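build the 3D model from these lines:
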Amino acid sequence: MTPDSYFKDSRITNSTAFFNRVGKMVNEGVDIIDIGAISTRPGAKFIPQEAEIKRLKQFIPDLKSNYPQILFSIDTVYGETAKFCLDHGFDIVNDVSAWSVDTTLIDVVSQWNCPYILMHAQGNPETMQNNPRYDNVTLDILRFFKRKLAALKSKGVQQVIIDPGFGFGKSIDDNFMILNKLSILEILECPILIGLSRKSMITNYLEITTESALSATSALHMVSLQNGANILRVHDVKEAVQVRSLYEKLANDA
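Numbering: from 1, shown residues only. Next comes the predicted model:
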């Protein structure tokens, strides 16, 4: 629900388009719908939580009652926004900042005892792609998750999903290294979420547009599942469901 998301076809600016998109995703087999009102594309600035909540109020109050079978996730860095959405039936909090922007976010998650998506990023969206560097990207991410998971446990947060944060402070080579070594994260015994749909690791490497990146995205979704991913965060539900079905067929026949 932002005017400047990096994939223009994912931008929603009115209630008709919003509910049409939700209905389409449900019909195509979505399990979780993740909604965000702050763009986290490279170069973006976080808007104040008051403006974020104002955007959300247009759409979400009746969402859960219309689609009780769907899990809804709020993509936010603010505690008050998370509380607002949880109060309206949302199930999951998805935080790209690892609570570095607003520490009250974790208090809200703990109080609600809801699943929390913990994502790794180097820097913030405004600066994260300015020459990111790592000694060893996979080991650095693993150490980050171990430290953050210990802090979450001390706060009483038990249901944690980890996201290595493709494109959040990573070079193209970093992203592909993470994908190749993804199974290392299984040692943390948390569900692994992958969000690489139509991202610059694909478009810049192949020198294609975001709009033409669906087939390449699907290819990497298969690799992600084979390397240990449990959840795919996607723009294109139908195609991702097909990939998952093929993966399950291969896994069951192995």
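
tell me the pLDDT of Asn130.
Listed pLDDT for Asn130 reads 62.

can you pull the contacts of Val22?
Taking C-beta atoms under 8 Å, 6 or more residues apart in numbering, we find Val22 in contact with Ile33, Leu63, Tyr67. Every residue, glycine included, has its C-beta placed from N, CA and C.

wait, is it part of a strand?
No: Val22 is assigned helix when assessed by DSSP: H, G, I helix; E, B strand; the rest coil, not a strand.

what about Cys114, is that helix, strand or coil?
coil.

could I get the contacting residues of it?
Per C-beta under 8 Å, 6+ apart, neighbours of Cys114: Leu86, Asp91, Ile92, Val93, Gln159.

biggest separation within these, which pair?
Spatially, the most separated pair among the contacts of Cys114 is Leu86 and Gln159, at 13.3 Å (C-beta to C-beta).

higher neighbour count, those two?
Ranked by neighbour count (other C-beta atoms under 10 Å), Leu86 and Gln159 place Leu86 first, with 19 against 14.

with adjacent residues omitted, what lies nearest to the more buried one?
The shortest distance from Leu86 to any non-neighbouring residue, by C-beta to C-beta, 6 or more residues apart in numbering, is to Trp112 (5.1 Å).

thought the one you found was touching Asp87?
No: if you go by C-beta atoms under 8 Å, Trp112 and Asp87 don't touch, sitting 9.2 Å apart.

if I pick Ile141, what's in contact with it?
His120, Pro164, Gly165, Ile178, Leu185.

of those, which pair is most distant in space?
Gly165 and Leu185 (11.6 Å).

in helices, which of the contacts of Cys114 appear?
Residues of the contacts of Cys114 located in helices (DSSP state H): Leu86.

which of the contacts of Cys114 fall within strands?
Among the contacts of Cys114, the members falling in strands (DSSP state E) are Ile92, Val93.

which one of the contacts of Cys114 sits closest to Glu239?
Distances from Glu239 to the contacts of Cys114, taken by C-beta to C-beta, are shortest for Ile92, at 22.6 Å.

the closest one and Trp112: what is the separation?
Using C-beta to C-beta, to the nearest Å, Ile92 is found at 10 Å from Trp112.

coming back round to it: which one of Trp112 and Asp87 is surrounded by more residues?
Neighbour totals were compared for Trp112 and Asp87, and Trp112 leads with 17 against 10 (other C-beta under 10 Å).

for the stretch 51-200 of the chain, which segments count as helices?
With DSSP state H, counting those that start in this stretch as the criterion, the stretch 51-200 of the chain has helices at 63-66, 79-87, 104-112, 137-154, 172-180, 200-206.

can you check which of those gets nearest to Val234?
helix 200-206 (12.7 Å).

give the rounded mean pLDDT of that closest one.
96.

same deal with stretch 28-44?
85.

got it, and stretch 109-120?
97.

for the stretch 151-254 of the chain, what spans make up the strands?
Secondary structure of the stretch 151-254 of the chain by DSSP state E, counting those that start in this stretch: the strands cover 160-163, 193-194, 231-232.

deepest of these, which one?
Greatest average neighbour count among the strands of the stretch 151-254 of the chain goes to strand 193-194 (a mean of 24), per mean count of other C-beta atoms under 10 Å.
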